[in-house]
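**Student:** Pasted the sequence and its predicted model underneath.
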Amino acid sequence: PNIAPLVAEIEAALAAIPHEIVYVDDGSTDGTPAALREAAEGLPEEGGAPLRRLRHRKSCGQSAAIATGVRAARGEWIATLDGDGQNDPADVPRLLRRAQAEGGAILVAGHRVARRDTWVKRRTSLVANAVRARLLGDATPDTGCGLKVFPRALFLDLPRFDHMHRFLPALVLRAGGRVVSEPVNHRPRLRGRSNYGTLD
(Lines give C-alpha, C1' and ligand atoms only; values in the text may rest on other atoms or scores of the structure.)
Protein backbone atom coordinates (compact mmCIF):
# COMPACT_ATOMS: atom_id res chain seq x y z
CA PRO A 1 0.00 0.00 0.00
CA ASN A 2 3.00 2.37 0.16
CA ILE A 3 3.71 2.16 -3.58
CA ALA A 4 1.06 4.38 -5.19
CA PRO A 5 1.37 7.24 -2.66
CA LEU A 6 5.17 7.17 -2.86
CA VAL A 7 5.23 7.18 -6.67
CA ALA A 8 2.87 10.18 -6.64
CA GLU A 9 5.14 12.00 -4.17
CA ILE A 10 8.25 11.25 -6.22
CA GLU A 11 6.54 12.59 -9.34
CA ALA A 12 5.50 15.76 -7.52
CA ALA A 13 8.95 16.33 -5.99
CA LEU A 14 10.82 15.78 -9.27
CA ALA A 15 8.36 17.39 -11.66
CA ALA A 16 10.93 19.99 -12.75
CA ILE A 17 13.80 17.48 -13.06
CA PRO A 18 14.12 14.89 -15.84
CA HIS A 19 14.03 11.53 -14.10
CA GLU A 20 12.91 7.94 -14.09
CA ILE A 21 11.67 5.79 -11.22
CA VAL A 22 13.26 2.37 -10.88
CA TYR A 23 11.38 0.18 -8.41
CA VAL A 24 13.03 -3.09 -7.35
CA ASP A 25 10.69 -5.75 -5.99
CA ASP A 26 12.96 -7.97 -3.91
CA GLY A 27 11.07 -11.24 -4.37
CA SER A 28 7.96 -10.11 -2.51
CA THR A 29 5.18 -12.61 -1.80
CA ASP A 30 2.44 -10.02 -1.30
CA GLY A 31 0.58 -7.72 -3.69
CA THR A 32 3.63 -5.67 -4.67
CA PRO A 33 3.75 -6.71 -8.37
CA ALA A 34 0.08 -5.80 -8.87
CA ALA A 35 0.51 -2.50 -6.99
CA LEU A 36 3.52 -1.59 -9.14
CA ARG A 37 1.62 -2.42 -12.32
CA GLU A 38 -1.28 -0.21 -11.21
CA ALA A 39 1.08 2.64 -10.26
CA ALA A 40 2.77 2.45 -13.68
CA GLU A 41 -0.59 2.50 -15.45
CA GLY A 42 -1.64 5.51 -13.38
CA LEU A 43 1.21 7.72 -14.59
CA PRO A 44 0.43 10.23 -17.35
CA GLU A 45 1.11 9.08 -20.91
CA GLU A 46 3.22 12.15 -21.68
CA GLY A 47 5.42 14.26 -19.44
CA GLY A 48 5.53 11.75 -16.59
CA ALA A 49 8.56 9.71 -15.69
CA PRO A 50 8.58 6.07 -16.69
CA LEU A 51 8.14 3.68 -13.80
CA ARG A 52 10.48 0.79 -14.47
CA ARG A 53 9.66 -2.36 -12.54
CA LEU A 54 12.38 -4.90 -11.75
CA ARG A 55 11.86 -8.08 -9.76
CA HIS A 56 14.14 -10.57 -8.06
CA ARG A 57 12.84 -14.14 -8.27
CA LYS A 58 13.64 -14.56 -4.58
CA SER A 59 14.51 -12.15 -1.80
CA CYS A 60 18.17 -11.17 -2.08
CA GLY A 61 18.26 -8.31 0.43
CA GLN A 62 18.42 -4.53 0.32
CA SER A 63 21.99 -4.28 -0.97
CA ALA A 64 21.22 -6.54 -3.93
CA ALA A 65 18.05 -4.56 -4.66
CA ILE A 66 19.98 -1.27 -4.68
CA ALA A 67 22.66 -2.77 -6.96
CA THR A 68 20.00 -4.06 -9.36
CA GLY A 69 18.32 -0.65 -9.48
CA VAL A 70 21.55 1.30 -10.01
CA ARG A 71 22.72 -1.03 -12.78
CA ALA A 72 19.38 -0.68 -14.56
CA ALA A 73 19.18 3.12 -14.15
CA ARG A 74 19.89 5.31 -17.16
CA GLY A 75 20.67 8.58 -15.41
CA GLU A 76 24.04 10.02 -14.40
CA TRP A 77 22.83 10.70 -10.85
CA ILE A 78 21.11 8.22 -8.53
CA ALA A 79 18.82 8.99 -5.61
CA THR A 80 17.92 6.03 -3.43
CA LEU A 81 15.07 5.92 -0.96
CA ASP A 82 13.28 3.20 0.93
CA GLY A 83 9.91 2.01 -0.27
CA ASP A 84 8.17 2.28 3.11
CA GLY A 85 7.32 5.98 2.74
CA GLN A 86 9.43 7.15 5.68
CA ASN A 87 11.96 8.94 3.43
CA ASP A 88 10.52 12.17 2.03
CA PRO A 89 10.95 12.52 -1.77
CA ALA A 90 10.71 16.31 -1.33
CA ASP A 91 14.30 16.19 0.00
CA VAL A 92 15.71 14.68 -3.21
CA PRO A 93 16.06 17.92 -5.25
CA ARG A 94 18.04 19.61 -2.44
CA LEU A 95 20.39 16.63 -2.04
CA LEU A 96 20.82 16.45 -5.81
CA ARG A 97 21.70 20.16 -6.00
CA ARG A 98 24.32 19.68 -3.27
CA ALA A 99 25.79 16.64 -5.05
CA GLN A 100 25.94 18.42 -8.39
CA ALA A 101 27.46 21.55 -6.84
CA GLU A 102 30.17 19.49 -5.12
CA GLY A 103 30.69 17.37 -8.25
CA GLY A 104 32.98 14.41 -8.74
CA ALA A 105 32.96 11.30 -6.59
CA ILE A 106 30.51 12.49 -3.93
CA LEU A 107 27.94 10.78 -1.76
CA VAL A 108 25.33 13.03 -0.16
CA ALA A 109 23.82 11.03 2.69
CA GLY A 110 20.56 11.91 4.37
CA HIS A 111 20.66 12.46 8.13
CA ARG A 112 17.35 11.79 9.91
CA VAL A 113 17.78 14.37 12.65
CA ALA A 114 14.26 13.85 14.05
CA ARG A 115 13.60 10.15 13.56
CA ARG A 116 9.99 8.96 13.64
CA ASP A 117 10.66 5.39 14.74
CA THR A 118 10.09 3.50 17.98
CA TRP A 119 12.36 4.23 20.94
CA VAL A 120 13.97 0.78 20.59
CA LYS A 121 14.72 1.30 16.90
CA ARG A 122 16.18 4.76 17.52
CA ARG A 123 18.35 3.49 20.38
CA THR A 124 19.72 0.44 18.52
CA SER A 125 20.43 2.59 15.46
CA LEU A 126 22.30 5.10 17.62
CA VAL A 127 24.50 2.34 19.05
CA ALA A 128 25.09 0.75 15.63
CA ASN A 129 26.02 4.09 14.06
CA ALA A 130 28.41 4.88 16.91
CA VAL A 131 30.17 1.51 16.65
CA ARG A 132 30.39 1.73 12.87
CA ALA A 133 31.71 5.31 12.97
CA ARG A 134 34.31 4.37 15.57
CA LEU A 135 35.55 1.40 13.59
CA LEU A 136 35.40 2.89 10.10
CA GLY A 137 35.90 6.62 10.69
CA ASP A 138 33.39 7.46 7.97
CA ALA A 139 32.14 10.61 9.74
CA THR A 140 28.53 9.84 8.79
CA PRO A 141 26.01 10.28 11.61
CA ASP A 142 23.22 8.24 9.97
CA THR A 143 24.44 5.68 7.47
CA GLY A 144 21.15 3.77 7.82
CA CYS A 145 19.13 6.51 6.14
CA GLY A 146 17.91 5.16 2.80
CA LEU A 147 17.95 8.61 1.19
CA LYS A 148 21.26 9.09 -0.61
CA VAL A 149 22.41 10.80 -3.82
CA PHE A 150 25.53 9.85 -5.76
CA PRO A 151 26.87 9.46 -9.30
CA ARG A 152 25.91 6.14 -10.89
CA ALA A 153 29.50 5.60 -12.08
CA LEU A 154 30.82 5.95 -8.53
CA PHE A 155 28.52 3.21 -7.23
CA LEU A 156 29.33 0.84 -10.08
CA ASP A 157 33.03 0.99 -9.16
CA LEU A 158 32.40 -0.06 -5.55
CA PRO A 159 32.79 -3.66 -4.37
CA ARG A 160 29.44 -5.38 -3.81
CA PHE A 161 28.58 -7.69 -0.93
CA ASP A 162 25.61 -8.45 1.27
CA HIS A 163 24.71 -5.48 3.51
CA MET A 164 27.03 -3.14 1.58
CA HIS A 165 24.30 -0.46 1.69
CA ARG A 166 25.09 -0.01 5.39
CA PHE A 167 28.70 0.84 4.52
CA LEU A 168 28.31 3.07 1.46
CA PRO A 169 30.01 6.10 3.09
CA ALA A 170 33.08 4.05 4.07
CA LEU A 171 33.21 2.43 0.63
CA VAL A 172 33.04 5.83 -1.09
CA LEU A 173 35.86 7.15 1.10
CA ARG A 174 37.88 3.99 0.38
CA ALA A 175 37.42 4.70 -3.34
CA GLY A 176 38.83 8.23 -2.91
CA GLY A 177 35.46 9.98 -2.90
CA ARG A 178 33.89 12.44 -0.50
CA VAL A 179 30.90 12.06 1.81
CA VAL A 180 28.68 14.83 3.16
CA SER A 181 25.53 14.57 5.23
CA GLU A 182 22.38 16.65 4.84
CA PRO A 183 19.48 16.84 7.33
CA VAL A 184 16.34 15.25 5.86
CA ASN A 185 12.75 14.83 6.90
CA HIS A 186 11.78 11.48 8.41
CA ARG A 187 8.18 10.37 8.63
CA PRO A 188 6.37 7.75 10.68
CA ARG A 189 5.51 4.48 8.98
CA LEU A 190 1.84 4.66 8.03
CA ARG A 191 1.40 1.34 6.22
CA GLY A 192 2.90 -2.14 6.45
CA ARG A 193 5.52 -3.33 8.88
CA SER A 194 9.31 -3.24 8.95
CA ASN A 195 11.32 -6.27 7.86
CA TYR A 196 14.17 -5.23 10.15
CA GLY A 197 14.32 -6.28 13.80
CA THR A 198 16.49 -5.18 16.71
CA LEU A 199 19.13 -7.87 16.14
CA ASP A 200 19.36 -7.27 12.38
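**Tutor:** Everything's here; your move. Quick caveat: nothing in here was measured; it's all calculated off a predicted structure.
**Student:** pLDDT below threshold where in this protein?
**Tutor:** 44-49, 116-119, 122, 129, 190-200 (pLDDT under 70).
**Student:** helices or strands up against the longest helix seen in it?
**Tutor:** If you go by DSSP state H, the chain has its longest helix at helix 119-136. If contacts are counted by 3 or more Cβ pairs under 8 Å, 6 or more residues apart in numbering; DSSP states H and E, helix 119-136 sits against helix 168-174. Where you see a C-beta, it was placed from the backbone N, CA and C, and this is true even at glycine.
**Student:** Counting by contacts, list what the helix it packs on packs against.
**Tutor:** On a contact count with 3+ Cβ pairs under 8 Å, 6+ apart, helix 168-174 meets strand 106-112, helix 119-136, strand 148-151, strand 178-184.
**Student:** what angle separates the second one from strand 106-112?
**Tutor:** Going by axes from the mean of the first three to the mean of the last three Cα atoms, to 10 degrees, helix 119-136 is angled at 150 degrees with respect to strand 106-112.
**Student:** residues making contact with helix 119-136?
**Tutor:** Applying Cβ atoms under 8 Å, 6 or more residues apart in numbering, the external contacts of helix 119-136 come out as 115, 117, 138-144, 166-167, 169-170, 194, 198.
**Student:** Please repeat the previous calculation with a cut-off of 7 Å.
**Tutor:** 115, 140-144, 170, 198 (Cβ atoms under 7 Å, 6 or more residues apart in numbering).
**Student:** same check, this time on the shortest one
**Tutor:** Contacts to strand 148-151, defined as Cβ under 7 Å, 6+ apart, come from residues 76-80, 95-96, 99, 105-110, 168.
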